[in-house]
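J.: have a look at this fold, sequence not included:
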Ligand SMILES: C[S@@+](CC[C@H](N)C(=O)[O-])C[C@H]1O[C@@H](n2cnc3c(N)ncnc32)[C@H](O)[C@@H]1O
């Protein structure tokens, strides 16, 4: 079979959140969806599975928690939402997935893909790829909401929508992560859980999640940080810089509001943090040897 994962007999992974990897059906299902919606690729013909493992974590969460209402913040090309829909079907669960993105479904984007063993880079829209390659029974469980999260999340919260599982994976700068987490707390149903991607303390894009995770300790009894990328499907691009996902559970919340003035402060902090990464911002002035 063309789709077969390259390392089907891999040793068990010592990471409870990747336990779904031990199930060959689940592993193959996610590998196949990953080739359609999650490959990274360059013009030199090098293609890598970019953290397909997130779909294994989502599968396990769906099996354990059986969430009926799921929110994904950041659709991307669809690995997260389509794998959640497929996992829910595989365990006989009626789940509805709402997914938010700023990019409309009809907008073509750069799309590395493998179909019938052939890898290529297409310019295609989510609508085109999903309609052509994803089972309608799976994609019909997914509802897209288009717009910046600064608009769509407050609107969702205002509408009274509540979710049992939230997957935060949109903008990764400090302001976006703090914004998206604040509103996720507002729309989280009692007893719900939040999964965040891209905890990466050594990389600029990953600091937002690191700082937000510290604050999350006040709102959740359990904050778990664990590595995923490359552990099952291979393809970790920066093995020297640790990356992980964060799971927030055992919520201590009973409803939460969002203070928009404080959020504005985080916007300024985000700009400052970006400045801190500019090489010329560092105070050390190297002397030129004579
Ligand atoms: C890393 S991808 C999401 C991947 C997806 N969750 C998955 O598992 O396959 C991030 C997505 O977030 C979207 N995004 C970034 N900032 C956003 C914002 N402020 N509002 C809405 N979507 C945003 C991007 O357009 C991109 O498609």
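T.: That came through fine. Bear in mind the structure is a predicted one, so any value in this text is a computation, not a measurement.
J.: give me the longest strand you can find in this structure.
T.: Identified as the longest strand of the chain according to DSSP state E is strand 188-199.
J.: what strands flank that strand, and is each parallel or antiparallel?
T.: strand 163-168 (parallel), strand 244-251 (antiparallel) (DSSP bridges).
J.: quick check: pLDDT value at residue 78.
T.: On the pLDDT scale, residue 78 is placed at 98.
J.: which one is it nearest to, not counting chain neighbours?
T.: residue 37 (4.3 Å; Cβ to Cβ, 6 or more residues apart in numbering). Glycine gets a C-beta too; all of them are placed from N, C-alpha and C.
J.: with residue 204 instead?
T.: residue 277 (4.8 Å).
J.: how about residue 238?
T.: Using Cβ to Cβ, 6+ apart, the closest residue to residue 238 is residue 203 (7.3 Å).
J.: can you count the residues close to that neighbour?
T.: Residue 203 has 15 neighbouring residues, counting by other Cβ atoms under 10 Å.
J.: report the contact partners of it.
T.: 238, 241, 243 (Cβ atoms under 8 Å, 6 or more residues apart in numbering).
J.: could you rerun that using 10 Å?
T.: Residue 203 is in contact with 172, 210, 238, 241-243, 277, counting by Cβ atoms under 10 Å, 6 or more residues apart in numbering.
J.: ok so, going back, next, the residue nearest to residue 78: phi, psi?
T.: Taking degrees, to the nearest 10, you get phi -130, psi 0 for the backbone angles of residue 37.
J.: does it touch residue 126 like I think?
T.: Yes: if you go by Cβ atoms under 10 Å, residue 37 and residue 126 touch, sitting 8.6 Å apart.
J.: which neighbours do those two share?
T.: Listed contacts common to residue 37 and residue 126 are 75-78, 81-82, 111, 134; contacts here mean Cβ under 10 Å, 6+ apart.
J.: what residues are up against the residue nearest the centre of the chain?
T.: Nearest to the geometric centre of the chain sits residue 169, at 3.7 Å (Cα atoms, centre = their mean). By Cβ under 10 Å, 6+ apart, residue 169 lies in contact with 51, 54, 72-76, 79-80, 99, 177, 180, 195-198, 209, 245.
J.: cutoff 6 Å now
T.: 74, 197 (Cβ atoms under 6 Å, 6 or more residues apart in numbering).
J.: likewise residue 258?
T.: Taking Cβ under 6 Å, 6+ apart, we find residue 258 in contact with 182, 186.
J.: re earlier: need the winner for burial among the strands paired with strand 188-199.
T.: Ranked by mean neighbour count, those are led by strand 163-168 with a mean of 25 (mean count of other Cβ atoms under 10 Å).
J.: which of the residues in stretch 74-91 are buried?
T.: Buried residues in stretch 74-91, counted by 16 or more other Cβ atoms under 10 Å: 74-90.
J.: that one close to the ligand?
T.: Yes: under the criterion of Cβ under 6 Å from any ligand atom, the ligand is reached by stretch 74-91 at 74-76, 79-80.
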